[in-house]
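Trainee: next comes the sequence, and after it the predicted model I'd like to discuss.
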Amino acid sequence: MPKKTSGSQRKKSTRTTKKAKETSKGLGDSVEKVFKATGIDKVAKWVLGEDCGCSERKAKLNKLFPYVKPECLNEDEYQYLKEYVDARSPKINPETQKRLLIIYNRVFHEKKEPTNCSPCFIKGVHNKLVRLYEEYNKDE
């Protein structure tokens with residue numbers, strides 16, 4: 001005998017209740033996701049209270065270990081870096097530093113300022129741009 005159906009049958013919901021996945025900006029976001037998935041975040045809040053230091057840890061780890069997805073160089077930037085790297089000049093004048101900073105800030109989404117500290121500039125901006133340039137020429 002066929003089942004009777006009532007007019008008020010429940011329909012399955014087609015909406016998803018999951019939040020859209022947010023991309024991690026750095027290691028801190030990834031650690032937070034793991035802690036939430038395993039329940040460690042709740043244990044930490046239970047043991048240490050609401051201010052368990054999680055947000056500070058997350059911010060510090062994101063700053064120390066960011067997931068950087070650089071933009072591609074445009075043709076002018078590539079040519080400038082090619083000339084700069086090929087020249088192998090030991091000195092970086094203020095105009096060169098300014099041009100390199102424009103490229104660096106656009107490509108890496110940062111806001112670095114000019115500096116009088118040559119080692120600081122070379123360790124940061126210079127080395128990263130040279131590494132990026134070499135990555136472009138890897139297959140040559």
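Mentor: Cool, got the structure. Please read these numbers as outputs of a predicted model, since none were measured by experiment. Residues are numbered from 1 along each chain as shown.

Trainee: state the distance from residue 121 to residue 114.
Mentor: 8 Å (CB to CB, to the nearest Å). Glycine gets a C-beta too; all of them are placed from N, C-alpha and C.

Trainee: just want to know which of those two has more residues nearby.
Mentor: Taking other CB atoms under 10 Å, residue 121 and residue 114 do not tie; residue 121 has more neighbours (19 against 11).

Trainee: what helix or strand is that one on?
Mentor: Assigned by DSSP states H and E, residue 121 belongs to helix 118-121.

Trainee: what's the longest helix along the chain packed up against?
Mentor: The single longest helix within the chain, with elements called by DSSP state H, is helix 94-108. Helix 94-108 sits against helix 75-87, helix 127-136, with contacts defined as 3 or more CB pairs under 8 Å, 6 or more residues apart in numbering; DSSP states H and E.

Trainee: got the buried residues for it?
Mentor: 97, 100, 101, 103, 104, 107, 108 (16 or more other CB atoms under 10 Å).

Trainee: residues contacting residue 35?
Mentor: By CB atoms under 8 Å, 6 or more residues apart in numbering, residue 35 lies in contact with 41, 44, 54.

Trainee: of those residues, buried ones?
Mentor: Buried subset of those (neighbour count, 16+ other CB under 10 Å): 41, 54.

Trainee: what about the residue lying closest to residue 81 once chain neighbours are set aside, distance to residue 127?
Mentor: Using CB to CB, 6 or more residues apart in numbering and skipping the chain neighbours, the partner closest in space to residue 81 is residue 133 (4.5 Å). To residue 127, residue 133 is 11 Å away according to CB to CB.

Trainee: give me the more crowded residue out of these two.
Mentor: A direct count of neighbours by other CB under 10 Å for residue 133 and residue 127 places residue 133 higher, at 19 against 11.

Trainee: that one against residue 86, yeah?
Mentor: No: assessed by CB atoms under 8 Å, residue 133 is found out of contact with residue 86, at 9.9 Å.
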